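Chemist: model the structure of this input:
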Amino acid sequence: MTWEIFNTGADRYEAWYATREGHRVDQAERKLLAWLLHKFPLAESALEIGCGTGHFTAHLRGHGLFAVGLDRAPAMLATLRRVHPHLPAVLGDMHELPFSHGAFDLTVFITALEFLDRPVVALSEAIRVSRMGVVLIVLNKWSLGGLSRRWGKQAYGSRLAHARDYALPELVKLIRQVEPGRIEKYWWMSTLLPVGPVGFLSPIPIGDAIGLAVKLRPT
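Modeler: Numbers count the residues shown, from 1 in each chain. Predicted coordinates:
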């Protein structure tokens with residue numbers, strides 16, 4: 001999948017979080033991200049892979065992490081540097097990260113893995129540069145939103161129509177096949193459920209977003 005689909009409309013991408021729906025999704029994903037990060041209490045640094053306009057990179061900084069963003073789309077990074085001028089950000093390919101082994105405590109994907117043609121390569125690279133773990137928030141294939149992205153109103157004319165959503169078993173299988181010798185433990189949780197309060201977290205993967213925290217063995 002080409003990264004060029006993210007090289008237009010970067011300003012609208014950032015502004016979406018101010019809409020009613022964007023605010024709801026943002027609240028839920030922030031709560032899910034906090035739950036995932038809690039699994040790594042000693043982490044001090046993080047690389048957000050596919051950071052876009054830096055919305056969540058800034059949020060990682062708010063959790064006390066030294067956070068760096070990486071994205072392939074120059075327009076996204078231009079918006080990041082305007083909106084979040086204090087954030088370090090790098091133009092780079094998710095499949096060939098320009099960092100040394102173990103450069104960060106954590107690597108983070110937030111609705112980024114779904115848009116990659118070579119997710120195994122990207123995850124392998126994420127694990128390579130991670131000391132402690134990988135954190136993922138992905139769109140759930142078996143949710144109301146997932147059905148809409150494949151057959152409903154979101155299936156046409158939006159970036160989400162290009163997403164390759166994951167069911168939880170697929171996601172776990174994918175991460176385990178990448179570097180099985182380094183996977184020590186993983187946890188998951190789901191949010192954006194069809195009913196219930198905003199930000200409610202469920203261990204049953206029926207929400208529109210699935211979070212996975214993967215603890216790595218030291219190299």
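
Chemist: OK, contacts around the spatially most central residue of the chain?
Modeler: Nearest to the mean C-alpha position of the chain, counting by C-alpha atoms, centre = their mean, stands residue 110 at 1.3 Å. Residue 110 makes contact with 29, 33, 48, 50, 56, 136, 137, according to C-beta atoms under 8 Å, 6 or more residues apart in numbering. In short, each C-beta sits where N, CA and C put it, glycine included.

Chemist: now flag whichever of the residues you listed is closest to residue 63.
Modeler: residue 33 (8.2 Å; C-beta to C-beta).

Chemist: which stretch of helix or strand covers that closest one?
Modeler: Residue 33 is part of helix 20-37, with elements assigned from DSSP states H and E.

Chemist: just the buried residues of that helix, please?
Modeler: Buried residues in helix 20-37, counted by 16 or more other C-beta atoms under 10 Å: 25, 26, 28, 29, 30, 31, 32, 33, 35, 36, 37.

Chemist: the third one contacts residue 209, correct?
Modeler: Yes. When contacts are counted by C-beta atoms under 8 Å, residue 28 is listed as touching residue 209 (6.8 Å).

Chemist: any shared contact partners between the two?
Modeler: With C-beta under 8 Å, 6+ apart as the test, residue 28 and residue 209 both reach 191, 192.

Chemist: who's in contact with residue 48?
Modeler: Residue 48 neighbours (C-beta under 8 Å, 6+ apart): 56, 57, 60, 67, 68, 69, 70, 107, 108, 109, 110.

Chemist: out of the residues you listed, name the ones that lie in strands.
Modeler: Residues of the contacts of residue 48 located in strands (DSSP state E): 67, 68, 69, 70, 107, 108, 109, 110.
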